[in-house]
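Trainee: sequence below, structure please.
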Amino acid sequence: MEDWGFICMLMMAVFGGLMGLTSLLKSVNRWLFEAKLGDRRFSLPPGDLGWPFIGTMWAFLRAFKSSNPDSFISSFVNRFGPVGLYKTMMFGSPSIIVTTPEACKRVLTDDEAFMPGWPSSTLTLMGRKSFIGISAQEHKRLRKLTAAPVNGHEALSIYLKYIEDNVIEALEKWAGMGQIEFLTQLRKLTFRIITHIFLGSESEQVMEALEREYTVLNHGVRAMSINVPGFAYYNALKARKRLVAIFQSVVTERRARRKENSTAEKRDMMDALMDAVDDKGRKLDDEEIIDVLVMYLNAGHESSGHVSMWATLFLQKNPEVLQKAKAEQEAIVKNRPPGQVGLTLKEIRQMDYLSKVIDETLRVVTFSFVVFREAQKDINISGFTIPKGWKALVWFRNVHFDPELYPEPKKFDPDRWDVSCNCSIVLCSAPCIYF
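Mentor: Model prediction:
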């Protein structure tokens, strides 16, 4: 009996010690980040700063690798109530998660109060002169310079036939392959298209190397920033260096060829980026062009591939939606003038219902779950303080699944886009944030 009593006391002591150690460790981040705020710490939103150094990253990664990614933010709501803002520590910084439409809109649009605040690890991988690493003023300049070359109607019309031909070829190829890994094939297709659009004929020479390095880079973007051999982030940094070397060789060769023949026909977006001039007569330098390429090629083929996959799955699961989308396409083809071969921009603009399918896919999937901003001064939102220097994480999924904005939010319903906008967060003409 005495032995059992001793064992029980020992177990209680060990358990008490572990509880005490856990409490001590969980207090470290509060000492590091909240104590220096003084009385301002009392106006912070509720939340959990997590463990030293890693914060709540383990819980975040575990949730987003599971079948229920919303479980991460749900844990905050269940523990602290539906207050809309929650303190935490993620990606190495003390942060406030913002989940309500009004607060999200404020964080996204108030450039005097907030600036881009992407993690330094992401910034290193994407480039210091990419969109996510520059000031608001430079961001506007770069968007203005690249908008027409990348997204303009003229640019789209130039490559429409190439896109259509490659999609048809891929569909015919997949039809003869039996069972395929759909997302993998879609990513290969979208990567081929986007590299050709940016690099032209040079893309064929570097396609395989680029695809290989981008695969490694993307794994690092979504991993913890552990710069140690064997970890995804370490490998991504190496891949980034190899990508820059590839792009630099292409840019250098293109500049030399343009210098030798300045009257040569402009062929692709690389030429368009080199020709772009801002209102002060400045052109993009090599580093800016390379960082634009790194970011656009990574974001473009990843998002296009995933959204195409999800849209296809939603259409398969909702035959009535598929029938309406198919009927719209058949009507467009039926009304083509005699002799027309191939798709036109005018026909794309007529695809009203298909656009709603894509909008609904973007809402349900929310491919980019968060945008990182940083407070430039102490900001009060909804009665809570976001301290200067803290990150503000705009959490789109909560907005897109808000039942007050979207009745039956988990239902795939393109017809909901017939309703006029009723969301105060709107930054476009529809009740959804596009990222």
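Trainee: what about Glu302, neighbour count?
Mentor: 19 (other C-beta atoms under 10 Å). From N, CA and C alone the C-beta is placed, and that goes for glycine too.
Trainee: packing partners for the helix or strand where it lies?
Mentor: Using DSSP states H and E, the element containing Glu302 is helix 286-317. Packing partners of helix 286-317 (3 or more C-beta pairs under 8 Å, 6 or more residues apart in numbering; DSSP states H and E): helix 120-126, helix 136-151, helix 182-199, helix 202-221, helix 232-260, helix 269-275, helix 319-334, helix 352-365.
Trainee: same thing but at 6 Å, please
Mentor: If contacts are counted by 3 or more C-beta pairs under 6 Å, 6 or more residues apart in numbering; DSSP states H and E, helix 286-317 sits against helix 182-199, helix 232-260, helix 352-365.
Trainee: what about that helix, average pLDDT?
Mentor: The average pLDDT within helix 286-317 is 88.
Trainee: buried sites along that helix?
Mentor: Neighbour counts using 16 or more other C-beta atoms under 10 Å place 288-311, 314-315 of helix 286-317 among the buried residues.
Trainee: got it, and stretch 179-189?
Mentor: Result for stretch 179-189 [16+ other C-beta under 10 Å]: buried residues 185-187, 189.
Trainee: do stretch 220-232 as well
Mentor: 220-221, 223-225, 232.
Trainee: just flag the most distant two among those.
Mentor: Within these, two members stand farthest from each other by C-beta to C-beta: Val221 and Met224, at 11.2 Å.
Trainee: shared neighbours of these two, anything?
Mentor: Counting by C-beta atoms under 6 Å, 6 or more residues apart in numbering, Val221 and Met224 have no common neighbour.
Trainee: how many neighbours does the spatially closest residue to Lys324 that is not a sequence neighbour have?
Mentor: Of all residues not flanking Lys324 in the chain, Tyr353 sits nearest, at 5.6 Å (C-beta to C-beta, 6 or more residues apart in numbering). The number of residues packed near Tyr353 is 19, by other C-beta under 10 Å.
Trainee: pLDDT value on Tyr353, please?
Mentor: We have a pLDDT of 97 for Tyr353.
Trainee: what's the answer for Met9, then?
Mentor: Here, the pLDDT recorded for Met9 equals 61.
Trainee: centre-most residue in the protein?
Mentor: The geometric centre of the chain, computed from its C-alpha atoms, lies nearest to Ser368 (C-alpha atoms, centre = their mean), at 3.4 Å.
Trainee: pretty sure it sits in a helix.
Mentor: No - the assignment for Ser368 (DSSP: H, G, I helix; E, B strand; the rest coil) gives coil, which keeps it out of a helix.
Trainee: check the gap between it and Glu404 for me.
Mentor: Distance of Ser368 to Glu404, computed by C-beta to C-beta, to the nearest Å: 23 Å.
Trainee: ok, now Ala325?
Mentor: For Ala325, the distance to Glu404 - C-beta to C-beta - is 28 Å.
Trainee: so when I look at Glu34, I'm seeing a helix, right?
Mentor: Yes - secondary structure assignment places Glu34 in a helix (three-state DSSP).
Trainee: so how many other residues sit close to it?
Mentor: Going by other C-beta under 10 Å, the residues that sit close to Glu34 add up to 18.
Trainee: my read: it touches Arg41, true?
Mentor: Yes - using C-beta atoms under 6 Å, Glu34 makes contact with Arg41 at a distance of 4.4 Å.
Trainee: so what's Ser95 up against?
Mentor: Neighbour list for Ser95: 88, 391, 393 [criterion: C-beta under 6 Å, 6+ apart].
Trainee: relative to Ala170, how far out is the residue nearest to the centre of the chain?
Mentor: From Ser368 across to Ala170, the span is 25 Å (C-beta to C-beta).
Trainee: equivalent analysis for Gly220, please.
Mentor: Distance from Gly220 to Ala170, by C-beta to C-beta: 28 Å.
Trainee: quick one: residues in contact with stretch 351-364.
Mentor: Contacts for stretch 351-364 (C-beta under 6 Å, 6+ apart): 307, 310-311, 324-325, 328, 400, 412, 414, 417, 430, 432.
Trainee: who wins for most neighbours among the residues you listed?
Mentor: Cys432 (24 neighbours).
Trainee: low-scoring stretches of the stretch 301-435 of the chain, by residue?
Mentor: In the predicted model, the stretch 301-435 of the chain carries pLDDT under 70 at residues 419-435.
Trainee: how about a cut-off of 80?
Mentor: For the stretch 301-435 of the chain, the stretches with pLDDT under 80 are 301, 368-369, 419-435.
Trainee: repeat that for the stretch 151-300 of the chain.
Mentor: Counting by pLDDT under 80, the ranges of the stretch 151-300 of the chain that qualify are 151-157, 200-205, 222-223, 262-269, 278-279, 298-300.
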